[in-house]
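*Asks:* Please find the sequence and the predicted model below.
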Amino acid sequence: MIEVNKLCKRYGNNGKLVVNNISFSLGESEIVSIVGPSGCGKTTTLKMINRLIEPTSGSININAQHFTDTNPVLWRRKIGYVIQKSGLLPHLTVEDNITLISKVDGGNGKMVKERARELMDIVNLPYATFARRYPIELSGGQQQRVGIARSLMANPPLIIMDEPFGALDPITKSHLHDEFLHLNESLGKTILIVTHDLREAFKLSDRVILMNNGTIEQIGKKNDFIENPANLFVTEFMKGQLSE
Amino acid sequence: MSKYFLTLLFIFSFSDYIYASRGPLVIGSKKFTESVILGELSALVLEKKFNIKVIRKFNLGGTQITLEALKSGSIHLYPEYTGTGYVMVLKQGGLTDADAVYEIVNKEFQERWQIEWSKPIGFNNTYALAVRKNDSRFIGVDTISQLPNNGKNLYVASGHEFMERNDGFDNLVDAYSLKFSSSKTLAMEAGLMYQAVRDSKVDIIIAYSTDGRIKSFDLKLLSDNLNFFPPYHASYLAKQVTLEKYPELRKLYKLFSGLITESEMVDLNNKVDHLQLDPKTVAWNFLINKGVIKAELLNQSKDENFFAFLIRKRQYLIKICREHLVLSLLALMLSLLLSVPLGILLTRYVTLAKIIFPIINSLQTIPSLALLGILVPIMGIGFWPALLALFIYSLLPLVRNTYVGISSIDRDLIEASQGVGLTDFQVLYLVEIPIALPMILAGIRTAAVIVIGSATLAAMIGAGGLGDPIFRGVATVNNNLILLGAIPAAAMAILVDKMLGLLEKLLVSKGLRLASKR
């Protein structure tokens, strides 16, 4: 579904490679998490996928379409994007936040509204109660649900999420994890999640990519990591994260 | 080079009426009572005796502004003093003979600027030191040399212009070896110093010898026993081209030659300053009594309360309110058109911001009077230079607030908006401008209050507005006139501020208003 090939990112001419020659791919309807310590290059990798950051070298293909073949704005509209602090626009209502892109894209008003109502129901925010509220009037969890609804608006095949549950308290987080899994059973999206939390990654995703210093240390399922850690870093990282 | 270019541009675009044949004559005056009365006298003679249409541009700033306005053709005639021309404009000194000084200024002004002086109007309004008659320290003191202890420890006040002249303060102190201390020397609006000495706020003032208040405030003049001050005989000034086009002006020159004696001028000034009569009424009655024009004498109550005054002046009030509003709002709109795009541009090019902001900041720090003083030689007097000055003053709050409003938006939010697929331009008008709007509107409010307040200064360069009665009121010690300008100016500032506050409620998203309350 998506193929990332020999991707590199270097800032400046002689700067450090923050992402160093990484390759991976995701299958249809697969959920994959990228995990790693701060500064490992996971967020940079994610932002290269929706071209907020242009790669220094390497390539990205989504459904065999090469990333330089369309302009960045159109490319992004085909990828759902969810970020940590929800990224909702404070001056727009919940409904307007969800429908913004469809409207600037010239979508039919009635259909756009119907779609928003449907999505709000899916993320458990009843339209009648929440459509006219502003982000400031919502809890962190509710804001994140709106963020997810917004990413689903254009029905993109691929969704990328940058620490989507990172700013939430443990109870809300756990609740949203369950909802998220339940939701995707029916939607079947291909999803790439960036998180610093290995437990979360194991819980939500089919496979995990562990990054360190701009390179991939190991790719695999939960069992591969536990039974066959690739190297000392993987062992240490798991110990640090799972023993808390 | 650019100065001349601007001057030409100004002449071609805005003042073509000046060169149209036989349009109205524009009469100027400086902003003190005597100058206004002399301006009014000439205006009435032109209107009533010679049937020429006249535009009055009275209460312009000091010599700098009136003379530049005359040179540039913004005004055609104004009253000036031989001593002022001799000392302040020509920067000469030494002569004290009245005829000699007149010959020099008339010759030099004709050679340099083709400006001709009328024969002196008669009286000599020189500078003079004045004290309270009943001040015991000055009993038996009749000359400047007799001042006890050379004036040590005395509080001294003078008008601003005197502080700057060659025959002014420093040389006076030198000539008489006076011991005035700088900490006890105050420069103030010339019209206010008479009250200051009457009320014992200061001990001694540098008065004008024909000022009506010397008589009515019970002051006495100390004689200039060393003949320090040059003569200050009043004359009218006009350009030779104007005199050729309007032969009536030559008749006016002749008519006023020796028309007014010193005691008559003191009396006229006193009627305005002390009895609070309207300068126009005073001038009117004087001309009738002198047999210059034939008409009914006007009678005017001097004990008029503010309300009655307001009613009588309502048409004038409407006119100056309109002038003030048009000037302020136009300046604000033009500034808005430039500032908001500029502020946005600067958020895109931060290096440019580092160059532009110091420039705008320093423009803002030029005192408003100085800015007007700079603009007058380039643009003349009237509406346009006033508009430009106000435009410049409103730039900073608008550019700064737009810049800060946009650059203080969370970078993650901008990135998220790009990430969901907005183009850069959509990010600007759907995200950045709406979120920065409260800040931009706050900038507009600040700019509006600054502009409405500063627009009162426009009257100094003949652009009218609510400053007109304020300056006239200060110059002629007329509180009703001051209030007539000050109250609407304050009300207008408050009203516009409130209206913009209301606009903010309408335009700014509820989501942002809720957020700012948390």
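*Replies:* The structure has been received and is ready for your questions.

*Asks:* so what's the spatially most central residue of chain A scoring on pLDDT?
*Replies:* Geometric centre of chain A, nearest residue: A:M161, 1.4 Å, by C-alpha atoms, centre = their mean. Listed pLDDT for A:M161 reads 92.

*Asks:* cool, the one 10 residues further on as well?
*Replies:* According to the model's per-residue confidence, A:I171 sits at a pLDDT of 86.

*Asks:* Now do the buried residues in the helix or strand in which it is found.
*Replies:* Per DSSP states H and E, A:I171 falls inside helix A:170-187. Across helix A:170-187, burial judged by 16 or more other C-beta atoms under 10 Å in any protein chain shown covers A:172-173, A:176-177, A:179-180, A:183-184. Backbone N, C-alpha and C define where each C-beta goes, glycine included.

*Asks:* Same question for stretch B:101-113.
*Replies:* For stretch B:101-113, the buried set under the neighbour-count rule, 16+ other C-beta under 10 Å, comprises B:101-102, B:104-106, B:108-109.

*Asks:* so where's the chain shaky on pLDDT?
*Replies:* In the absence of a named chain, this looks at chain A. For chain A, the stretches with pLDDT under 70 are A:244.

*Asks:* Oops, wrong one, chain B.
*Replies:* B:1-21, B:165-167, B:300-303, B:518.

*Asks:* Which residues of it lie near chain A?
*Replies:* Contact residues, chain B versus chain A (C-beta under 8 Å from any C-beta of the partner chain): B:412-413, B:415-423, B:426, B:430-431, B:434-435, B:508-512, B:514-515, B:518.

*Asks:* Which positions within the longest helix along chain B qualify as buried?
*Replies:* Using DSSP state H, we find that the single longest helix of chain B is helix B:314-348. By 16+ other C-beta under 10 Å, the buried positions in helix B:314-348 come out as B:317, B:320-321, B:323-325, B:327-328, B:331-332, B:334-336, B:339-340, B:342-344, B:346-347.

*Asks:* Where does chain A get nearest to chain B, which residue?
*Replies:* A:G87 (2.8 Å; C-beta to the nearest C-beta).

*Asks:* I figured that residue hits B:L413, correct?
*Replies:* Yes. Between A:G87 and B:L413 there is a contact under C-beta atoms under 8 Å: 6.0 Å.

*Asks:* need the contact list for A:M153.
*Replies:* Counting by C-beta atoms under 8 Å, 6 or more residues apart in numbering or on different chains, A:M153 touches A:98-99, A:101-102, A:115-116, A:119.

*Asks:* Next, format the residues you listed as JSON lines and append secondary structure and neighbour count.
*Replies:* Converted to JSON lines, these look like this (DSSP: H, G, I helix; E, B strand; the rest coil; neighbours: other C-beta atoms under 10 Å in any protein chain shown):
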{"residue": "A:I98", "secondary structure": "helix", "neighbour count": "29"}
{"residue": "A:T99", "secondary structure": "helix", "neighbour count": "24"}
{"residue": "A:I101", "secondary structure": "helix", "neighbour count": "21"}
{"residue": "A:S102", "secondary structure": "helix", "neighbour count": "20"}
{"residue": "A:R115", "secondary structure": "helix", "neighbour count": "20"}
{"residue": "A:A116", "secondary structure": "helix", "neighbour count": "22"}
{"residue": "A:L119", "secondary structure": "helix", "neighbour count": "22"}
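
*Asks:* wait, which of those is closest to B:L371?
*Replies:* A:I101 (48.5 Å; C-beta to C-beta).

*Asks:* which stretches of the chain form strands?
*Replies:* All of this is about chain A. Remark: strands assigned in chain A by DSSP state E are A:2-10, A:17-26, A:31-35, A:57-62, A:65-66, A:79-83, A:158-162, A:190-195, A:207-212, A:215-220.

*Asks:* that's the wrong chain, I wanted chain B
*Replies:* Per DSSP E, chain B carries strands over the ranges B:25-30, B:54-60, B:78-81, B:115-117, B:127-132, B:156-159, B:185-188, B:204-208, B:219-222, B:234-239.

*Asks:* Format these as a markdown table; extra columns: mean neighbour count.
*Replies:* Shown next, in a markdown table, are those (neighbours: other C-beta atoms under 10 Å in any protein chain shown):
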| stretch | mean neighbour count |
| --- | --- |
| strand B:25-30 | 26 |
| strand B:54-60 | 22 |
| strand B:78-81 | 26 |
| strand B:115-117 | 21 |
| strand B:127-132 | 22 |
| strand B:156-159 | 23 |
| strand B:185-188 | 16 |
| strand B:204-208 | 27 |
| strand B:219-222 | 19 |
| strand B:234-239 | 23 |
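
*Asks:* Could you export the ones you listed to TSV, including columns for distance to A:G109?
*Replies:* Listed next are those as TSV, based on distance: least, C-beta to C-beta, whole Å:
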stretch	distance to A:G109
strand B:25-30	61
strand B:54-60	59
strand B:78-81	68
strand B:115-117	72
strand B:127-132	79
strand B:156-159	70
strand B:185-188	68
strand B:204-208	76
strand B:219-222	81
strand B:234-239	69
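
*Asks:* Check the contact between B:G443 and B:Y403; I expect there is one.
*Replies:* No. Using C-beta under 8 Å, B:G443 and B:Y403 do not qualify as a contacting pair, with a distance of 9.5 Å.

*Asks:* Show me which residues of chain A are close to chain B?
*Replies:* Counting by C-beta under 8 Å from any C-beta, chain A sits next to chain B at A:47, A:50, A:52, A:73-74, A:76-77, A:81, A:83-85, A:87, A:89-93, A:100-101, A:104, A:134-137, A:150-151.

*Asks:* Now, of those, which are buried?
*Replies:* Among the residues of chain A next to chain B, the ones that count as buried by 16+ other C-beta under 10 Å are A:47, A:50, A:52, A:76-77, A:81, A:83-85, A:87, A:89-93, A:100-101, A:134-137, A:150-151.

*Asks:* Now, these that are in helices?
*Replies:* Using DSSP H, those in helices are A:47, A:76-77, A:100-101, A:150-151.

*Asks:* Spatially, which two of those residues are the most separated?
*Replies:* Greatest spatial distance in those: A:K47 and A:L100, 20.3 Å, computed using C-beta to C-beta.

*Asks:* Smallest gap between chain B and chain A, at which residue?
*Replies:* Nearest residue of chain B to chain A, counting by C-beta to the nearest C-beta: B:A416, 2.8 Å away.

*Asks:* what are the phi and psi values for the closest residue to that residue other than its chain neighbours?
*Replies:* Spatial nearest neighbour of B:A416, excluding adjacent residues (C-beta to C-beta, 6 or more residues apart in numbering or on different chains): A:G87 at 2.8 Å. Torsion angles at A:G87 (phi, psi; degrees, to the nearest 10) stand at phi 60, psi 20.

*Asks:* Can you give me every residue that contacts B:L237?
*Replies:* B:L237 makes contact with B:67, B:70, B:77-80, B:109, B:115-118, according to C-beta under 8 Å, 6+ apart.

*Asks:* Same check on B:L437?
*Replies:* Counting by C-beta under 8 Å, 6+ apart, B:L437 touches B:405, B:507-509, B:512.

*Asks:* among the residues you listed, who's most crowded?
*Replies:* For the contacts of B:L437, the largest number of neighbours (other C-beta atoms under 10 Å in any protein chain shown) sits with B:G405, at 24 neighbours.

*Asks:* was I right about it contacting B:L441?
*Replies:* No. Using C-beta under 8 Å, B:G405 is not in contact with B:L441; the gap is 9.2 Å.

*Asks:* domain assignment for chain B?
*Replies:* Following automatic domain parsing, chain B resolves into domains at B:2-124+B:232-303, B:127-222, B:314-517.

*Asks:* In JSON lines: the ones you listed, plus distance to A:K16.
*Replies:* Output for the domains of chain B, formatted as JSON lines (distance: least, C-beta to C-beta, whole Å):
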{"stretch": "domain B:2-124+B:232-303", "distance to A:K16": "51"}
{"stretch": "domain B:127-222", "distance to A:K16": "65"}
{"stretch": "domain B:314-517", "distance to A:K16": "22"}
